[in-house]
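fold the stuff below for me.
(2 chains)
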Amino acid sequence: MKVSMASNNKWGLPDLGYGIGLRTVHFPHILAERPPVDWFEILSENYMDTGGRPAYVLDFVAERYPVAMHGVSLSLGSTDPVNFAYLEKLKRLAERVNARWVSDHLCWTGVAGRNTHDLLPMPYTDEALRHVIERVRTVQDFLGRPLVIENPSTYVEFAASNWTEWDFIRTLAEEAYCGLLLDVNNVYVSAYNHGFDPFEYIDAIPTERVVQIHLAGHTNKGTHIIDTHSDHVIDQVWELYRHAMKRTRGTATLLEWDESIPDFATVHGESLKARGYRPAAEPAQVLEAAHAG
Amino acid sequence: MPVSPDLATTQRWMQAVIMAPGDEVEALHAEAAAREIPPEQAEAMVLPSRTLSRLERLGVYRGMYEARLRDALEVDYPLLSGYLDEEVWEELTELYLEAHPSRSYTLNRLGDHLPEFLGEIEGLSRAAFLRDLARYELSLTRVFDAEETKALTADDLSAVAPDAWERIRLRPIAAFRLESYRYPVSAWAQEAKNDPQTRAPRRKDSYAVIFRRDYAPLTLELTKPAFRILSALAAGKTLGEAIRTTRTANESLYRWFQIWVSEGLFREVTVSD
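Numbering: from 1, shown residues only, chains lettered A, B, ... in the order given. Predicted structure coming up:
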């Protein structure tokens, strides 16, 4: 039986171990085999408006595994009004699956009532920072829990930006009192696309805010990298992960695989590789885990 | 010289550039984009990278927008998108997304207007068949996501007194859609799943109920009288009233009813006074 380790974030949210994203192609395997996965992350929007098979599988999973929710439509950075109807559904889903936490991205997905369904980049300006801090506070008040915010992969930088992304995120987390989902693949992708040092980025992230880490593969086009979640994690990203885990001293880790998804065993095996990059547990953590068991 | 519009303007501009048809330069000049940032200043909104120009970087988002939304439509309309030539499908989806951009947080309902849109396009070959096919595939997606409701069994109905049958009302399950078509689309769809080269059918009215059992969307083809009776029941008529919408032999009625109940089409029976 997997034992959730205590973790070092401000909220005491547990280190759930090594999870994978719940994806439709794996439903039959999960229902039939009940594989020994530490935890699952669900894409919130895939389950908010369905009463069919996805809802049935979700209930099956939530009864047997810890679940965290990850959204792509909160549009935290948008200048459109907050969509409270969406938030209401998000809150109900979180209650239904006993979500350990709820995350979304530092981005905007649309404006003027339209939705591009992409995670669009923010200009890192003072105005944008104030705007996002206010939005995060509003969302957290509504959900009644800390929101966990992920750093995005981006492909443009705005000329108007006067903050680095990592300083923007650190300040946002501190001012809005929110959690962070550190996507080390996204750090790598954006570092490649914009030419910054990914280790400097990770060193600037306040570790006590980090609730979860994402790992994924990507597509290198030569001139730029696209965050496709379509392949194995590359060595450079594993090294970033090792560095991040050393700093956080252990954090719930999730492997994303969303395109050309292989069989369950391959995805699960990729997530379990992360064990090899985890720093040795400190005596206090081992004791805590033993008591929890 | 860098441009520093406020956040709202920046977002409206970027979205307009992403959604505009044509190439990147045309996108900067598109009316919705130029209204926010003058085209001659627009490139300066973003920085180049060591390998990509400013326009190429914006192009990354433009390409992903179109591909993502087209993929979503293909998930909902696999037969329609497979039937059409790739070029026609791409042009069609581009026009559709211009006319019906997503206004929802979910992609699940992106294709809701596609059947009616197909009816509005001038010069589209076999438009009536394509529209029927789109309606059929849309019904499958609706049924897939509908609320799960427990179906009545034959045992549940055995409790109805013999003299009350004429007065019963049967409420369909939530995952239930009745459709009439000008083409035999559901039969064609079964063939096309096995052979994507299946030619479009000749015109012939057809009727079907699309429903879900064990979480799988299913189609039951109906005769016109059976469709009328089911439509009347779904509209809240009593069984007696529904049967009187057609002149059908009792044997057929009995057989249809057995099939409908065994397929789990109804969730509730009530007897009216």
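
do the longest helix seen in chain A and chain B meet?
In chain A, taking DSSP state H as the definition, the longest helix is helix A:126-143. Yes - contact of helix A:126-143 with chain B (Cβ under 8 Å from any Cβ of the partner chain) involves A:127, A:128, A:131. Just so you know, the C-beta spots here come from the backbone N, C-alpha and C atoms, and that holds for glycine as well.

quick one: which of those has the most company?
residue A:128 (26 neighbours; other Cβ atoms under 10 Å in any protein chain shown).

one step back: of the residues of helix A:126-143 next to chain B, which is the nearest to residue B:23?
residue A:128 (28.7 Å; Cβ to Cβ).

next one, pLDDT for that closest one please.
pLDDT, residue A:128: 98.

correct me if wrong: it contacts residue A:79.
No - assessed by Cβ atoms under 8 Å, residue A:128 is found out of contact with residue A:79, at 9.5 Å.

overlap of the contact sets of those two?
Shared contacts of residue A:128 and residue A:79 (Cβ atoms under 8 Å, 6 or more residues apart in numbering or on different chains): residue B:7.

ok, now which ones touch residue B:225?
B:246, B:247, B:248, B:252.

in stretch A:65-81, what's buried?
A:65-80 (16 or more other Cβ atoms under 10 Å in any protein chain shown).

mean confidence for that stretch?
pLDDT averaged over stretch A:65-81 gives 98.

near chain B, anything from that stretch?
Yes - for a cut-off given as Cβ under 8 Å from any Cβ, stretch A:65-81 has contacts with chain B, namely A:73, A:75, A:77, A:78, A:79.

tabulate these (a markdown table), appending secondary structure.
Formatted as a markdown table, the residues of stretch A:65-81 next to chain B follow (DSSP: H, G, I helix; E, B strand; the rest coil):
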| residue | secondary structure |
| --- | --- |
| A:73 | coil |
| A:75 | coil |
| A:77 | coil |
| A:78 | coil |
| A:79 | coil |
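
identify the bridge partners of the nearest residue to residue A:250 once chain neighbours are set aside.
The shortest distance from residue A:250 to any non-neighbouring residue, by Cβ to Cβ, 6 or more residues apart in numbering or on different chains, is to residue A:15 (5.0 Å). Using DSSP bridges, the bridge partners assigned to residue A:15 are residue A:5.

burial count for residue A:15?
26.

do residue B:103 as well
A count of nearby residues for residue B:103, using other Cβ under 10 Å, gives 12.

and residue B:171, how far from chain A?
16 Å (Cβ to the nearest Cβ, to the nearest Å).

tell me the SS of that residue?
strand.

how about residue B:178?
Using three-state DSSP, the structure places residue B:178 in strand.

kindly export the host helix or strand of residue A:267 (C-alpha atoms) in CSV.
When elements are assigned from DSSP states H and E, residue A:267 belongs to helix A:264-272. Output of helix A:264-272 as CSV, limited to C-alpha atoms (Å, rounded to 0.1, in the frame of the first residue of the first chain):
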residue,chain,number,x,y,z
PHE,A,264,-0.7,2.0,-19.8
ALA,A,265,2.4,0.1,-18.8
THR,A,266,4.7,2.4,-20.9
VAL,A,267,3.1,5.6,-19.4
HIS,A,268,3.2,4.2,-15.9
GLY,A,269,6.8,3.0,-16.4
GLU,A,270,7.9,6.4,-17.5
SER,A,271,6.4,8.0,-14.4
LEU,A,272,8.1,5.5,-12.2
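
any residues touching it, and which ones?
Contacts with helix A:264-272, where a contact means Cβ under 8 Å, 6+ apart, come from A:18-20, A:26, A:29-30, A:33, A:35, A:37, A:215, A:232-233, A:253-255, A:257, A:261.
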